[in-house]
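>>> Take this sequence and fold it.
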Amino acid sequence: MVSMRKMRRREFLRRGALGAVGTAAIGAWGSGLATPASASDRANTRQTIRAGRRPLAPGLVEAGPELALPVGFSYVTLGRFGDAMSDGYVTPPIHDGMGVFANPGGGYRVIRNHELGDSNDIPGGSVFGDRATAWDRGAPGCTVTLLVDEDGNLVSDWVSANGTDSNCSGTETPWGTWLSSEETTAGPGDGRRKPHGYMFEIDPMLDEPVLVKPIKAMGRFVHEAAAVDPETAVVYLTEDDNPDCFYRYVPDVPGDLAKGGVLQALRIKGQRGYNTVIGQTVGEVLPVNWVTIDDPDPADAADNPRAILRQARMKGAARFMSGEGATWRDDHVVFDSSDGGDFGHGQIWKYRSTSKRGKLAEEGELTLLFESTDKRVLDLPDNLALSPGGGIVIAEDGDDRTNALRALLPDDETMITIGQNLVPVRRQIIDASGKLYDPYVPNDDFGPGDGLGHSEFAGPRFSPDGKWLFVNIQVPGITCAITGDWDSIGL
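Reported below is the predicted structural model:
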């Protein structure tokens, strides 16, 4: 989720504003075997920062120390940063995109990305988990798989893939795997041992980590989210490098992405380089076709993260701003442009292919579903998830004082608030992408009551049975499983 806002955070780090604290904090989790913070440390800190609690959003009540939810809803927490995991490692920080699958023995398998890497200036040479299974022993990104019972309780958890970089979002596939995306194009010049900027396919049913390899034909760029058309197996991909393009990957063999395919970018027919960012009308249908990316794995991507985007723009591809979440709904993909719109508060788009009976079409239709004109309604939409009733759950990445969990109801007109993060974190930690710092361990530079803000939500996903909504509080790193009568709030 590295947007222009986060680029400013990275600049904060480069200026040395965090000093020696950063090195010490990295050491706290870098081996993956550090001692978790004690329960007493956490309790004392929570009492101290409770004074930073902000007012509740209308229609929400405090459901617990971490979340405010609609009346009648409840939640459990699991997989906190620093907690010991079943494989002997500790839960890493920066909880991001997630996939949720039915477990054959009952309950669920949740696979969670951890956005560790170049996107938050973690130095090369770090790796989390077993080095023997790492794709790159100089990259700290990873995924963690959690086995969760029907009541939302954690049964076991383990590192399932590692040696990746800046694992942001991704998607479940119709054939039961998880696509994890790298939101960076870092390479050996950045202290890594291998190039990055790819998609990785991971089997959530495996009970131990395996070495996963990138699917290079899906492009080397600043990946964000993805969504899969279940009829054609085409994968739609967002990009978050400002400006951005919207892509699709057409596999040569449906369901076997690693066998190769074609990467393409969306173009508005007859309007070369169309700018979707401003001057758009909700409900207007724009005719679309696609342009092919000739070199999906450019050798200079580490130094030129927009190498693929430039290829696309040379062929007239449309421009978006901060491509973030994506999800498949009915016969179309819904995705967002976090900084898009006349007011810069975000847009929600849908693309529908004109394919018939599962055959791939070279044309389609792009429609603006929603554009925010008021940050109090929606501010910088990020990860998306489809609700059981066809609504779109939206994790905001806006003002750290007001981040919320929103939902666009199935009418595609009504936006509601369904969750609020009540966990205050030192604002310096959020602003500097200091998602490496355990907020329960005091230090001399940042006091627990100094400049409190609230982290973004990340990775919302419903369980296959529609009972639970799993979502992350990205900083300090907490997974929450929310349940209630989703019909009662229109989802």
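>>> going forward, measure contacts and count neighbours with C-alpha atoms only.
Will do.
>>> So which bits of stretch 199-210 are buried?
199, 200, 201, 202, 203, 204, 205, 209, 210 (16 or more other CA atoms under 10 Å).
>>> ok, so of those residues, who is nearest residue 488?
Residue 488 lies nearest to residue 204 out of the buried residues of stretch 199-210, by CA to CA, at 31.8 Å.
>>> Might you report the residue contacts of the closest one?
101, 109, 110, 111, 145, 160, 176, 177, 178 (CA atoms under 8 Å, 6 or more residues apart in numbering).
>>> Quick check: neighbours of the host helix or strand of the fourth one in the sheet, parallel or antiparallel?
The reference is to residue 111. Residue 111 belongs to strand 108-114 when assigned by DSSP states H and E. Each strand paired with strand 108-114, and its direction, by DSSP bridges: strand 95-102 (antiparallel), strand 141-148 (antiparallel).
>>> so of the ones you listed, which one's packed in deepest?
Greatest average neighbour count among the strands paired with strand 108-114 goes to strand 95-102 (a mean of 28), per mean count of other CA atoms under 10 Å.
>>> could I have it exported to PDB, CA atoms only?
Output in PDB follows, covering the C-alpha atoms of strand 95-102 (Å, rounded to 0.1, in the frame of the first residue of the first chain):
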ATOM      1  CA  HIS A  95      -0.700  -7.300   8.800                       C
ATOM      2  CA  ASP A  96      -2.000  -6.700   5.300                       C
ATOM      3  CA  GLY A  97      -4.100  -8.600   2.700                       C
ATOM      4  CA  MET A  98      -5.800 -11.900   3.600                       C
ATOM      5  CA  GLY A  99      -7.500 -14.800   2.000                       C
ATOM      6  CA  VAL A 100     -10.000 -17.000   3.800                       C
ATOM      7  CA  PHE A 101     -10.700 -20.700   2.900                       C
ATOM      8  CA  ALA A 102     -12.800 -23.500   4.300                       C
END
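>>> Report the mean per-residue pLDDT for it.
Taken as a whole, strand 95-102 has an average pLDDT of 97.
>>> Take stretch 163-175, keep the C-alpha atoms, and write them as CSV.
The C-alpha atoms that make up stretch 163-175 are tabulated as CSV, following Å, rounded to 0.1, in the frame of the first residue of the first chain:
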residue,chain,number,x,y,z
GLY,A,163,11.7,-14.4,1.3
THR,A,164,9.3,-12.2,-0.6
ASP,A,165,9.2,-8.4,-0.3
SER,A,166,6.4,-6.0,0.7
ASN,A,167,3.6,-8.5,0.5
CYS,A,168,0.6,-6.2,0.1
SER,A,169,-2.7,-7.6,-1.0
GLY,A,170,-3.7,-10.3,-3.4
THR,A,171,-6.7,-12.6,-4.0
GLU,A,172,-8.1,-16.1,-3.5
THR,A,173,-8.4,-18.0,-6.8
PRO,A,174,-11.4,-20.2,-7.8
TRP,A,175,-9.1,-23.2,-7.7
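>>> same for the longest strand along the chain, what does it pack against?
Criterion DSSP state E: the longest strand present in the chain is strand 154-164. When contacts are defined as 3 or more CA pairs under 8 Å, 6 or more residues apart in numbering; DSSP states H and E, strand 154-164 sits against strand 141-148.
>>> what residues does the strand it packs on touch?
103, 107-117, 127-128, 154-167, 204.
>>> do the same with stretch 372-385
1, 97, 169, 225, 324-327, 335-339, 341-347, 392-399, 403, 406, 415-416, 458-462.
>>> List the buried residues of that stretch.
Result for stretch 372-385 [16+ other CA under 10 Å]: buried residues 372, 373, 375, 378, 379, 380, 381, 382, 383, 384, 385.
>>> Give me the average confidence score over it.
In the prediction, stretch 372-385 has an average pLDDT of 96.
>>> so where do the strands sit in the stretch 1-150 of the chain?
With DSSP state E, counting those that start in this stretch, the ranges of strands along the stretch 1-150 of the chain come out as 60-62, 67-70, 74-78, 95-102, 108-114, 141-148.
>>> quick one, which of these is nearest to residue 482?
Per CA to CA, nearest to residue 482 of the strands of the stretch 1-150 of the chain: strand 74-78, 4.2 Å.
>>> Quick check: residue 196 touching residue 223?
No. Here residue 196 does not reach residue 223: they are 10.3 Å apart, not a contact under CA atoms under 8 Å.
>>> neighbour count winner among those two?
Shown here are residue 196 and residue 223; by other CA atoms under 10 Å, residue 223 has more neighbours (31 against 28).
>>> Return the distance of the more buried one relative to residue 391.
Distance from residue 223 to residue 391, counting by CA to CA, to the nearest Å: 24 Å.
>>> swap in residue 70?
16 Å.
>>> Let's test this: mean pLDDT of stretch 267-281, rounded?
On average, stretch 267-281 scores 97.
>>> So the residue lying farthest from the centre of the chain: helix, strand or coil?
What lies farthest from the middle of the chain is residue 270; by CA atoms, centre = their mean that is 33.0 Å. Recorded secondary structure, residue 270: coil (DSSP: H, G, I helix; E, B strand; the rest coil).
>>> Check for me that residue 295 belongs to a strand.
No. Residue 295: not assigned to a strand; according to three-state DSSP it is coil.
>>> residues near it, how many?
Other residues close to residue 295 by other CA under 10 Å number 15.
>>> That one: what's it in contact with?
Per CA under 8 Å, 6+ apart, neighbours of residue 295: residue 308.
>>> can you check residue 354 too?
Here residue 354 is in contact with 361, 362, 363, 364, 365 (CA under 8 Å, 6+ apart).
>>> again, 7 Å this time
Applying CA atoms under 7 Å, 6 or more residues apart in numbering, we find residue 354 in contact with 361, 363, 364.
>>> If you rank every helix and strand of the chain by mean pLDDT, what lands last?
helix 19-29 (a mean of 33; mean pLDDT, DSSP states H and E).
>>> Relative to residue 128, how far out is the nearest residue to residue 332 once chain neighbours are set aside?
Spatial nearest neighbour of residue 332, chain neighbours left out: residue 352 (4.5 Å); criterion: CA to CA, 6 or more residues apart in numbering. Separation of residue 352 from residue 128 (CA to CA) stands at 39 Å.
>>> Kindly report the same for residue 357.
Distance from residue 357 to residue 128, by CA to CA: 44 Å.
>>> Look at those two and report which has more neighbours.
residue 128 (27 against 8).
>>> Dihedrals phi and psi, that one?
Residue 128 adopts backbone torsions of phi -110, psi 130, taken as degrees, to the nearest 10.
>>> before we move on, what about residue 64?
phi 170, psi -180.
>>> ok, it - how many residues close by?
For residue 64, using other CA under 10 Å, the count is 13.
>>> How are the helices of the stretch 151-300 of the chain distributed by residue range?
Taking DSSP state H, counting those that start in this stretch, the stretch 151-300 of the chain contains no helices at all.
>>> so who does residue 482 touch?
Contacts of residue 482 by CA under 7 Å, 6+ apart are 74, 75, 76, 468, 469, 470.
>>> I'd like the residues you listed laid out as a markdown table, including neighbour count, distance to residue 86 and pLDDT.
Shown next, in a markdown table, are these (neighbours: other CA atoms under 10 Å; distance: CA to CA, whole Å; pLDDT from 0 to 100):
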| residue | neighbour count | distance to residue 86 | pLDDT |
| --- | --- | --- | --- |
| 74 | 17 | 26 | 98 |
| 75 | 20 | 22 | 98 |
| 76 | 18 | 19 | 98 |
| 468 | 21 | 23 | 98 |
| 469 | 24 | 23 | 98 |
| 470 | 24 | 20 | 98 |
